[in-house]
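In: Sequence and predicted model, in that order:
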Amino acid sequence: MEQLVPIIIQAIAGAAGGTAMNTVLKQAAIAMLPKLILGVVGGIGGGQALGPIIAGMLGGDPAASMDMGNLAGDVIGGLIGGGVLNSIVGAVLGARK
C-alpha cells in the first residue's frame, strides 16, 4: 500500500494541475473527462520524472517513501506534469480547428 500512495498523490495533483492550467489558458478544445484523464496521466508521468528531483532539492530521504520532501516532490511534480500535458494537448487540438 505504501507504494501506491505516491502514485495516488501524483494522480490527484495532476488532475488539479491540468484543470487549473485549462482554466487559466481557457482552452475549450477538450471536454472535462479527457481533461481529467490527461491530468492524471501527466501527473503520474511528471511525478515520476520530477518528483525525485524536487524531493532531493527539498531534502527528501530516498529511502523513506512518506517523507515530507518526497510528498512535496510528488505534489509539485504532479501539478507540473498534469498542467504541461493538458496545455500541449489543448494547444494541438485548438490549432486543428
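Out: Done, it's in.
In: For the longest helix along the chain, buried residues please.
Out: The residue-count maximum for a helix in the chain (DSSP state H) belongs to helix 68-96. Within helix 68-96, the residues scored as buried using 16 or more other Cβ atoms under 10 Å are 69-87, 89-90. Any C-beta I mention is one placed from the backbone N, CA and C, and that applies to glycine too.
In: and it, what does it pack onto?
Out: In terms of contacts (3 or more Cβ pairs under 8 Å, 6 or more residues apart in numbering; DSSP states H and E), helix 68-96 is packed against helix 4-25, helix 32-57.
In: Same list (those) but as JSON lines, adding distance to residue 94, mean neighbour count and mean pLDDT.
Out: Shown next, in JSON lines, are these (distance: least, Cβ to Cβ, whole Å; neighbours: other Cβ atoms under 10 Å; pLDDT from 0 to 100):
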{"stretch": "helix 4-25", "distance to residue 94": "9", "mean neighbour count": "20", "mean pLDDT": "90"}
{"stretch": "helix 32-57", "distance to residue 94": "13", "mean neighbour count": "20", "mean pLDDT": "90"}
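In: among those helices, which is nearest residue 95?
Out: Residue 95 lies closest, by Cβ to Cβ, to one member of the helices and strands packed on helix 68-96: helix 4-25, at 13.1 Å.
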